[in-house]
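> everything below, folded, please.
(2 chains)
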Amino acid sequence: MMRNALLFALMAALFVFTGLTQSWNVALTILNMGVISAIMALGVNMQWGYAGLFNIGVMGFAALGGLAVVLVATPPVEGAMAAGGWRILGALAVGVAALVAASLVWRRLPRFRMLAVLSIIVAGFFIFRGIFDPGVAAVEAINPTIQGNLGGFGLPVLLAWPAGGILAALAAWAIGKTALGLRSDYLAIATLGIAEITLAILRNEEWLSRGVKNVIGLPRPVPYEVDLQRSTAFVDWATGFGFDPAAASSIVVKLCYLGLFAVVLALVMLLAELALHSPWGRMMRAIRDNEVAAGAMGKNVKARHLQIFIIGSAVIGIAGAMMTTLDSQLTPSAYQPLRFTFLIWVMVIVGGSGNNWGAMLGGFLIWWLWVMVEPMGASLLHTLTAPLPDGWAKAHLLDGAAHMRLLTMGIILLLVLRFSPRGLIPGR
Amino acid sequence: MDLLNALVAFANFVFVPAVAYGAQLALGALGVTLIYGILRFSNFAHGDTMAFGAMCTILVTWGLQSWGISAGPLPTALLALPVGIAVTALFLMATDRAVYRFYRKTRAAPVILTMASLGVMFVMNGIVRFIIGVEDINFADGARFLIGAREFREATGLDEGLAIRSTQAITVVVAAVAMALLFWFLNRTRTGKSMRAFADNEDLALLSGINPGRVVMVTWLIVAALATTAGVLYGLDKSFKAFTYFQLLLPIFASAVVGGLGSPIGAVAGGFVIAFSEVGVTYAWKKVAGYVMPENLQPDGLAQLLSTDYKIAVSFAILVLVLLFRPTGLFRGKSV
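Sure, this is the predicted structure:
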């Protein structure tokens, strides 16, 4: 217990150190992303630590959360629904209906079912494309430089967070239905695939997410810095304490975000801890440690796996929505698997799989490292290459500093896995 | 005549590219499937092993080119390939010694090995980016075309041209040679047989005096050869870019799973199944349809089922279908 408190105190000291040596603005920026990373790590920890499920599609679920922000919070685009929105929705309904019909036929039909299913799928696909394509063309033709998409419902942006969780949960349900119950590696491959496909959809379906044109200027749950600087009350308050209003406004905005994120983190943490120590949590760990024995005791292993996979993915989706809210833009091309999937895994493994506090600590610690390794690596290389004459080799080495973080993260992961596989705060 | 034209168009835009791509995927999937069968884990570092091997080969190629050595009409990279394989093999054996051997000794669960392979992937990816950077590198030299489209048109008098790039031809030939060597090795030599025995039943193999250290070492050697060859061929055919190899991971795994994890012949079949579906589904069939279909039935659109951006969705869809209906793959691998 002492040890854990010490670890968290050390973590806090790192952030205070950053604040003192660099600036509080930087420290808060890192801390805000740290909270989001901690929530994602909690989601992965539920899947891996409680149940031993190997999900390497974190990026996809986070991106679905980001999509939810666009769909919930942006105002609807004028006339988009009339131009082609209903066609698109109708087409999607036809597609889903075809899939449902195919699966019903597969289950009910005594013979020729392969043929029947194939013809339903093929016919469904062509009807889908027939309805879908004109709708898409019509929607994307509306004011393409700043709109060209359906927009969203124009609801408060905070509603997007649970919505992101629901979107991610739906995707997790579809994946879990197919890949759970097979060998563990298959789930890994399937999640890797669904993450890539989700991103491919976000990058290409302009009617949905504007693709690589990005959705910018998403509504924020906190005031804008400019508005704060214009408000006389705020400027008076800041100068009263002897702060520069411009710097103070940006710190206040970050603190507001931090407050919102901290509430979510506390809620997720509370629920996760309650669940882990409930009879349900004991059952999950029993299943993780010995599936056969748990099955023999009458536990439905596959259903429980599906359940925890959906819950964990939903938590990741919520965190993804929070991240997009923080950036106040959705940039599909910014999602990289190394950053969004494998980094989260490093957090969970380093922090301690199976332990919520460990995953949280790992989230903060590794995110801080991830941000700090690059300048540290650059200065290290500068020192090392200082005696070298200027030229190609030196320039090349200095350029390489940007890639140091991948190397560092990989080595950290391998070292922890090898020498301290239970992590900083081991699970019980 | 129209039918011939349609056939040529089909060969030019679908058959030839798909065969070359399929050969590259098959080589990659063979590596994955060998590691799965003998070392018993899914190696997520395989894509980056391919990138690493290709990088070594490119560096040697540059060295050869600067000394003025070339292979005539063939790309210089083929001369550099053995060196690339040797360096990659040394690197993989060092990785095995430093990382995987410990988990094998402690008989850790396969998923732990898989996770360690993620760490290795990170490290390899970092090394590749550090050494060669992230830019697009085109290192193919020598003759561009085996058959040019214009020569083909002039020789046959057809409207459609058939172009076969020399890199495509080389891919197919090299891949065929590599696969023939591999199957000869696995089925005819003593070491190959002991590897298959080890894959079938580890305990029985150990009892009958097979040296596990040797089997593991030979496996990494073969994997290095396969991965480097696949990486270099892919790089010659398209171009070398550090992170495209990571994205090859999904089609490669799909190929291995479709064929049946652990089955070499399945990996080859799976590679071609995936390649032909990817190219077939994302090709705009309008041209071919224009030749075969009567005037009034012709499609007005491009007749493209999915845009090329969704290539990855095709391998994924096939993977899901296989998982749903035949989880052991076409050739009854040892999964589930």
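> enumerate the residues of the stretch 151-300 of chain A near chain B.
Selection of the stretch 151-300 of chain A residues close to chain B by Cβ under 8 Å from any Cβ of the partner chain yields A:178-179, A:182-186, A:188-190, A:192-194, A:196-197, A:200, A:203-204. For the C-beta atoms, the positions are set from N, CA and C on the backbone; glycine is no exception.
> in the stretch 151-300 of chain B, which residue sits nearest chain A?
Across the stretch 151-300 of chain B, the shortest distance to chain A (Cβ to the nearest Cβ) belongs to B:Phe253, at 4.9 Å.
> just list the residues touching that residue, thanks.
Contacts for B:Phe253 (Cβ atoms under 8 Å, 6 or more residues apart in numbering or on different chains) come out as A:Ile189, A:Leu192, B:Ala29, B:Val32, B:Ser42, B:Leu319.
> give me the element the third one is part of.
So that's B:Ala29. Secondary structure assigned from DSSP states H and E places B:Ala29 in helix B:16-34.
> going along the chain, name the strands of chain B.
Here chain B has its strands, by DSSP state E, at B:145-147, B:164-165.
> for A:Ala266, which of these is the nearest?
Judged by Cβ to Cβ, the one of the strands of chain B that comes nearest to A:Ala266 is strand B:164-165, at 59.5 Å.
> nearest approach to B:Gly119 belongs to which of the strands of chain B?
Closest of the strands of chain B to B:Gly119 is strand B:164-165, at 37.4 Å (criterion: Cβ to Cβ).
> nearest to chain B: which residue in chain A?
A:Gly410 (2.8 Å).
> residue nearest the centroid of chain A?
A:Ala62 (2.5 Å; Cα atoms, centre = their mean).
> residues contacting it?
Here A:Ala62 is in contact with A:Met40, A:Ile316, A:Gly317, A:Ala319, A:Gly320, A:Met323, A:Tyr335, A:Phe340 (Cβ under 8 Å, 6+ apart).
> again, only using 10 Å
A:Ala62 is in contact with A:36, A:40, A:43, A:164, A:168, A:195, A:198, A:313, A:316-324, A:335, A:340-341, A:344, counting by Cβ atoms under 10 Å, 6 or more residues apart in numbering or on different chains.
> what helix or strand does it sit in?
helix A:58-73.
> for that helix, the distance to its chain's centre please.
Centre-to-centre, helix A:58-73 and its host chain are 8 Å apart (Cα atoms, centre = their mean, to the nearest Å).
> that older thread, of all the strands of chain B, which lies closest to A:Val371?
strand B:164-165 (44.4 Å).
> partners of that closest one in the sheet?
strand B:145-147 (antiparallel) (DSSP bridges).
> leaving out sequence neighbours, find the closest residue to residue 224.
Picking chain A for this. Spatial nearest neighbour of A:Tyr224, excluding adjacent residues (Cβ to Cβ, 6 or more residues apart in numbering or on different chains): A:Val253 at 7.5 Å.
> oops, chain B please
B:Ala89 is the one closest to B:Ala224 (Cβ to Cβ, 6+ apart), at 3.7 Å.
> contacting residues around the one you found?
B:Gly53, B:Met217, B:Trp220, B:Leu221, B:Ile222, B:Val223, B:Ala224, B:Ala225, B:Ala227, B:Thr228.
> number of nearby residues for the third one?
Which is B:Trp220. For B:Trp220, the tally of surrounding residues (other Cβ atoms under 10 Å in any protein chain shown) stands at 25.
> quick one: name the residues of the stretch 201-336 of chain B near chain A.
With Cβ under 10 Å from any Cβ of the partner chain as the criterion, the stretch 201-336 of chain B meets chain A at residues B:242-243, B:246-247, B:249-251, B:253-254, B:256-257, B:261, B:301, B:304-317, B:319-325, B:327, B:335-336.
> put the alpha carbons of the helix or strand of chain A with the lowest mean pLDDT into CSV.
Sorting the helices and strands of chain A by mean pLDDT, DSSP states H and E puts helix A:392-400 at the bottom, at a mean of 73. Extracted in CSV, the C-alpha atoms of helix A:392-400 (Å, rounded to 0.1, in the frame of the first residue of the first chain):
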residue,chain,number,x,y,z
TRP,A,392,25.5,13.7,-43.5
ALA,A,393,26.0,11.2,-40.6
LYS,A,394,25.4,13.7,-37.9
ALA,A,395,22.3,15.2,-39.6
HIS,A,396,21.0,11.6,-40.1
LEU,A,397,21.4,10.7,-36.5
LEU,A,398,19.7,13.9,-35.3
ASP,A,399,16.8,13.2,-37.7
GLY,A,400,16.5,9.8,-36.2
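> which neighbouring elements make contact with that helix?
Under the contact definition 3 or more Cβ pairs under 10 Å, 6 or more residues apart in numbering or on different chains; DSSP states H and E, helix A:392-400 sits against helix A:356-385, helix B:110-132.
> so for the longest one, mean pLDDT?
I take that to be helix A:356-385. For helix A:356-385, mean pLDDT rounds to 86.
> next: stretch A:1-21.
Taken as a whole, stretch A:1-21 has an average pLDDT of 90.
> CA atoms only: put that stretch into CSV for me.
Output of stretch A:1-21 as CSV, limited to C-alpha atoms (Å, rounded to 0.1, in the frame of the first residue of the first chain):
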residue,chain,number,x,y,z
MET,A,1,0.0,0.0,0.0
MET,A,2,2.8,2.4,1.0
ARG,A,3,4.6,1.4,-2.2
ASN,A,4,1.6,2.3,-4.4
ALA,A,5,1.1,5.6,-2.7
LEU,A,6,4.8,6.3,-3.2
LEU,A,7,4.5,5.4,-6.9
PHE,A,8,1.6,7.8,-7.4
ALA,A,9,3.4,10.5,-5.4
LEU,A,10,6.4,10.1,-7.7
MET,A,11,4.1,10.4,-10.7
ALA,A,12,2.6,13.6,-9.4
ALA,A,13,6.1,14.9,-8.7
LEU,A,14,7.0,14.2,-12.4
PHE,A,15,4.1,16.5,-13.5
VAL,A,16,5.0,19.2,-10.9
PHE,A,17,8.6,18.9,-12.1
THR,A,18,7.5,19.4,-15.7
GLY,A,19,5.4,22.4,-14.6
LEU,A,20,8.2,24.0,-12.8
THR,A,21,11.0,23.4,-15.4
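> one step back: tell me the pLDDT at the residue of the stretch 151-300 of chain B closest to chain A?
As predicted, B:Phe253 sits at a pLDDT of 92.
> quick one, what contacts the residue in the stretch 1-150 of chain B that chain A sits nearest to?
Proximity to chain A, evaluated over the stretch 1-150 of chain B using Cβ to the nearest Cβ, is greatest for B:Phe122 at 2.8 Å. Residues in contact with B:Phe122 (Cβ under 10 Å, 6+ apart) are A:338, A:342-343, A:345-346, A:405-414, B:44-45, B:48.
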